[in-house]
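Peer 1: my questions are about this predicted structure, shown below with the sequence.
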Amino acid sequence: MNPLEHELTYPLGDRLPEPGNSIEVAPGVHWLRMPLPFALDHINLWLLKDEIDGQEGWTIVDCGVARDEVKVLWESVFDNVLQGLPVLRVVVTHMHPDHIGLAHWLCQRWHVHLYISMTDYMTAKLWSSAGKGSAAGGESAVQHFQRHGMQDAESLEKIRARGSYYVTLVPEVPDQFVRLRGGESIRINGVDWQLIAGYGHAPEHLSLFCADKKVLISGDMVLPRISTNISVFNHEPLGNPLPAYLDSLDAYRPLPADTLVLPSHGKPFKGLHERIAQQHAHHKERLDEVLEACDTPKSTMDIVPIMFKRTLDLHQMTFAMGEALAHLHALYFAGKLRRHIQADGVVRFDRT
């Protein structure tokens, strides 16, 4: 267990929603839990009681991946939780497969619109198009990981074969959407939910905060047990996402200290301000150790075992490399590291 968890409070204790059912965590706010085919084996989804144009019903926040077993669980939710009322809209916090994967199916199933930021909608639409590849696989991803020190032929071939990774989990994205923007609000069942834009984890992630309920649907921006993945991938090879993420976290500081945080992974918790401070401290420690390691030239692959002291499967390794490179880039763009493309074609960094 992460010892920092002891600084957080879990109002529901160890309770978890039963498959195909929900737990009401605040008035009109229901918690669902769906399986994922990864080491991170679940995602939390949310149902909000709603009314639009006089029609009572529900708003869904985030969708799960496009797999038949998840559709079956959703059908159970419709039978067990909706009280005979329809889904009125689908809100997606960001374009990662576990969040948007079933958006097309849900919107089609209920004849409703998808609500999402424009940047994440366009990215999902592009990546779900056949043959486009993604950060997770395909030839562009192979070249990116090679450039940053991955040399294992078997791993590279597996990454090459994963060019269809995104489209497998997100086979379609709705052709229409309703644009959400940070700084605005969405009115759900007569109360406003403030939209908070976050960067670094996804192109334009949106969290939802309801002051009336003191509830924050944080998506992946604030998680209780694990750190949000902040990565540089092949589609933005000179990206600098870590400062963007840390700056985004500060947008949550004005929220009340007793806000109930509803994360996409882990359990609902209180202790938002503590978790923000923990994340800043965590990344400062990682930056310090990466800077020290670069007393001699290091590739991204060299940095991975310094930051991640556990065995990683290939899926985890791609994210670990992305995160290691994000820390290297933060130091490089801050003028603390130099960047060299050496004779073997591998990018290495050392102190200025």
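Peer 2: Received the coordinates, thanks.
Peer 1: CA-only coordinates of the host helix or strand of residue 290 in PDB, if you can.
Peer 2: Element membership of residue 290 [criterion: DSSP states H and E] is helix 272-293. Taking Å, rounded to 0.1, in the frame of the first residue of the first chain, the C-alpha atoms of helix 272-293 are listed here in PDB:
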ATOM      1  CA  LEU A 272      -7.700  16.900  -2.200                       C
ATOM      2  CA  HIS A 273      -5.200  19.500  -1.100                       C
ATOM      3  CA  GLU A 274      -3.000  16.800   0.500                       C
ATOM      4  CA  ARG A 275      -3.000  14.800  -2.700                       C
ATOM      5  CA  ILE A 276      -2.100  17.900  -4.800                       C
ATOM      6  CA  ALA A 277       0.900  18.500  -2.500                       C
ATOM      7  CA  GLN A 278       1.900  14.800  -2.700                       C
ATOM      8  CA  GLN A 279       1.900  14.900  -6.500                       C
ATOM      9  CA  HIS A 280       4.100  18.100  -6.500                       C
ATOM     10  CA  ALA A 281       6.500  16.500  -4.000                       C
ATOM     11  CA  HIS A 282       6.600  13.200  -5.900                       C
ATOM     12  CA  HIS A 283       7.500  14.800  -9.200                       C
ATOM     13  CA  LYS A 284      10.100  17.000  -7.600                       C
ATOM     14  CA  GLU A 285      11.800  13.900  -6.200                       C
ATOM     15  CA  ARG A 286      11.700  12.200  -9.600                       C
ATOM     16  CA  LEU A 287      13.200  15.300 -11.200                       C
ATOM     17  CA  ASP A 288      16.000  15.500  -8.700                       C
ATOM     18  CA  GLU A 289      16.900  11.800  -9.200                       C
ATOM     19  CA  VAL A 290      16.800  12.100 -12.900                       C
ATOM     20  CA  LEU A 291      19.000  15.200 -12.900                       C
ATOM     21  CA  GLU A 292      21.500  13.400 -10.600                       C
ATOM     22  CA  ALA A 293      21.500  10.400 -12.900                       C
END
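Peer 1: what are the contacting residues of that helix?
Peer 2: 4, 7-8, 216, 222, 224, 227-228, 242, 246, 249-250, 252-253, 255, 257, 259, 261, 269, 302-303, 306-307, 324, 327-328, 330-331, 336-337, 351 (CB atoms under 8 Å, 6 or more residues apart in numbering). Bear in mind the C-beta positions are built from the backbone N, C-alpha and C, glycine included.
Peer 1: mind listing the residues bridging to residue 185?
Peer 2: residue 194 (DSSP bridges).
Peer 1: ok, now which ones touch it?
Peer 2: Applying CB under 8 Å, 6+ apart, we find residue 185 in contact with 192-195.
Peer 1: any idea how far residue 119 is from it?
Peer 2: Here residue 185 is placed at a distance of 19 Å from residue 119 (CB to CB, to the nearest Å).
Peer 1: perfect, that will be all.
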